[in-house]
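A.B. asks: Quick one, fold the following:
(one chain, ligands or ions: 1)
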Amino acid sequence: MKLNSTPFFAVIFLLTAYSFQAQTHFTPDGGGQFVFNENKIPCLTDEQRTAVLNELKTSIQELKTQNRLSYNQANRGSHPLFIWPIKKKDGLEYNDVWGISNYVDQNPSYPNQVLDYNCGSRTYDTTGGYNHAGMDIFNWPFSWKMMDYDEVEIIAAAPGQILYKASSNFDRSCSLSGGNWNAVYVQHADGSVALYGHMKQNSLTTKNVGEMVAAGEFLGIVGSSGNSTGPHLHFEAYSEVELNGVGQDVLIDPYSGTCNSMNVDTWWQNQKPYNNPNINAVLTHSSPPVFPTCPTQETTNESTNFDASATVYFGLYMRDQASGTSINLKIIKPDNSVLYNWDFNFTDNYYASWWYWYFSGIYDMNGEWKWQATYQGQTVTHSFNITGALGIGEEEFNNTSIYPNPFNNVVSISSPLKIEKAIVVDMLGKQIKVISNNSEGIKEINLETLSNGIYFLNLESDSGQRKTIKIIKE
Ligand SMILES: [Zn+2]
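C.D. replies: Residues are numbered from 1 along each chain as shown. Coordinates of the predicted model:
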């Protein structure tokens with residue numbers, strides 16, 4: 001800005017506009033990166049992988065003997081095209097529920113010699129010679145809460161026959177020696193097999209080995225059984241698995257990319273981008289969320305009902321936040337006017353991140369407020385309710401009273417103003433009753449159907465003045 005050539009009044013205007021914006025928190029009050037599987041433990045040890053492949057072969061042999069094996073080598077077709085194996089529970093308010101921590105490690109050397117299909121290093125290996133053989137899709141945000149409430153489902157990426165199923169293993173070991181995982185293995189029409197591992201204990205499909213599943217069919221809940229430090233799906237695929245067949249046990253990386261030396265084609269119907277920035281959730285909280293160590297469930301402190309005097313924490317939960325990009329954030333009042341509007345710049349690449357800002361003393365209007373984030377063309381809005389705001393016109397309402405209070409069935413309103421509207425709200429901020437009368441105004445309200453307790457009575461005059469009075473039913 002060229003100050004010298006800017007007229008004086010314009011400078012004042014700009015400074016005023018700027019200070020209005022700057023009076024609130026531009027920088028977050030807390031949050032940061034969320035690191036999944038920090039200790040890089042192998043999802044499946046070599047012994048376990050050998051056992052898995054043996055289980056597959058045993059199962060194939062048994063089904064063949066019973067003449068129930070669906071896969072037929074003579075008329076196998078081309079490889080399947082996967083749909084995304086994760087689905088959020090119906091009705092869950094979060095915008096999305098997953099992030100990716102690891103792809104397949106294409107570099108057979110170890111340790112610390114990693115290469116993913118995209119020639120990046122979003123994978124891992126260990127000193128013990130483990131090269132990550134699948135992809136890890138973790139729950140985000142609040143992985144354990146989501147697991148405990150069955151909020152993230154694993155669905156079949158392609159149709160096929162269940163070859164193996166384990167469902168009773170412990171799912172909160174948080175260690176390398178976590179024992180066996182709960183899993184479902186599905187064989188597709190071309191003989192390839194997908195492993196769905198780390199499922200929640202006893203959450204699996206009721207279908208048994210030998211039964212068929214459709215693409216998109218429920219297989220289980222994302223969990224943390226086996227060698228796992230947090231709820232995630234380990235998704236691993238093999239080309240034709242056949243007892244004595246050709247090319248058996250060949251690991252597949254479902255993504256096509258320059259550095260995929262395992263297979264050329266993508267195995268996805270719609271291959272997602274390597275980095276997939278997304279707003280996973282915008283939420284309001286009564287205090288900041290708490291992320292304890294494995295395996296304790298997070299304390300989310302989520303809330304959507306607040307008194308006007310409360311401090312509201314505005315949470316933002318991102319997947320793949322990209323350095324150099326910015327997100328627009330807004331707090332919107334019930335009359336749709338924008339109270340705060342600011343941009344937050346991301347300065348790091350994080351697979352998962354969370355941020356929060358808090359505000360108090362700004363809630364001057366009762367009703368439904370909005371917390372809104374817009375990132376790369378996507379807008380996610382979360383609503384929350386404010387009650388107990390004093391509102392404008394409080395002075396003129398000074399001579400308005402409610403009697404009796406506490407009351408039994410009927411309250412009377414004494415006011416020099418004409419009261420046109422009355423709203424009864426309970427302690428949770430839920431509207432119980434709305435009364436309006438614009439001819440003579442409201443003089444009495446019959447509340448005999450209410451149960452005993454504390455309520456808020458929001459009154460509105462014909463000139464739009466408002467007052468909230470606490471009433472007690474006895
Ligand atoms: Zn894994």
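A.B. asks: Other residues contacting stretch 252-272?
C.D. replies: Contacts with stretch 252-272, where a contact means CB atoms under 8 Å, 6 or more residues apart in numbering, come from 79-84, 103-104, 106, 115-119, 135, 192, 235, 237-239, 250-251, 274. Where C-beta positions appear, they are placed from N, C-alpha and C, glycine not excepted.
A.B. asks: give me that answer again for 10 Å
C.D. replies: Contacts with stretch 252-272, where a contact means CB atoms under 10 Å, 6 or more residues apart in numbering, come from 78-84, 100, 103-108, 115-120, 123, 133-135, 157-158, 188, 192-194, 215, 235-239, 250-251, 274.
A.B. asks: Could you show which parts of this structure are in contact with the ion?
C.D. replies: Applying CB under 5 Å from the ion, one finds that the chain approaches the ion through 43, 134, 136, 234.
A.B. asks: Quick check, central residue of this structure?
C.D. replies: By CA atoms, centre = their mean, the chain has its centre lying nearest to V97, at 3.7 Å.
A.B. asks: That one contacts P141, correct?
C.D. replies: Yes - counting by CB atoms under 10 Å, V97 sits close enough to P141 to count as a contact (8.4 Å).
A.B. asks: Report the beta-bridge partners for V184.
C.D. replies: Counting by DSSP bridges, V184 is bridged to K165, Y196.
A.B. asks: so what's it up against?
C.D. replies: Taking CB under 10 Å, 6+ apart as the test, what V184 contacts is 154, 156, 162-167, 194-197, 199, 204-205, 207, 209, 213, 219-220.
A.B. asks: change it to 7 Å
C.D. replies: 162, 165, 196, 204-205, 219-220 (CB atoms under 7 Å, 6 or more residues apart in numbering).
A.B. asks: need the contact list for the closest residue to N446 other than its chain neighbours.
C.D. replies: Closest residue to N446 in three dimensions, ignoring its sequence neighbours and counting by CB to CB, 6 or more residues apart in numbering: V410, at 5.2 Å. Under the criterion of CB under 7 Å, 6+ apart, the contact list for V410 reads 444-447.
A.B. asks: which of those are buried?
C.D. replies: Judged by neighbour count, with 16 or more other CB atoms under 10 Å as the criterion, the buried members of those are 445, 447.
A.B. asks: The residue nearest to T400 when sequence neighbours are not counted: neighbour count?
C.D. replies: Nearest residue to T400, sequence neighbours excluded (CB to CB, 6+ apart): S415, at 3.8 Å. Around S415 sit 19 other residues, with neighbours defined as other CB atoms under 10 Å.
A.B. asks: Which pLDDT value goes with S415?
C.D. replies: For S415, the model assigns a pLDDT of 85.
A.B. asks: ok, it to Q465 distance?
C.D. replies: Distance, S415 to Q465, by CB to CB, to the nearest Å: 10 Å.
A.B. asks: P292 now?
C.D. replies: Counting by CB to CB - P292 and Q465 are separated by 48 Å.
A.B. asks: now the closest residue to D150 other than its chain neighbours, what's its secondary structure?
C.D. replies: For D150, ignoring the flanking residues on the chain, the nearest one in space by CB to CB, 6+ apart is I221 at 5.0 Å. Here I221 takes the strand state, with states given by DSSP: H, G, I helix; E, B strand; the rest coil.
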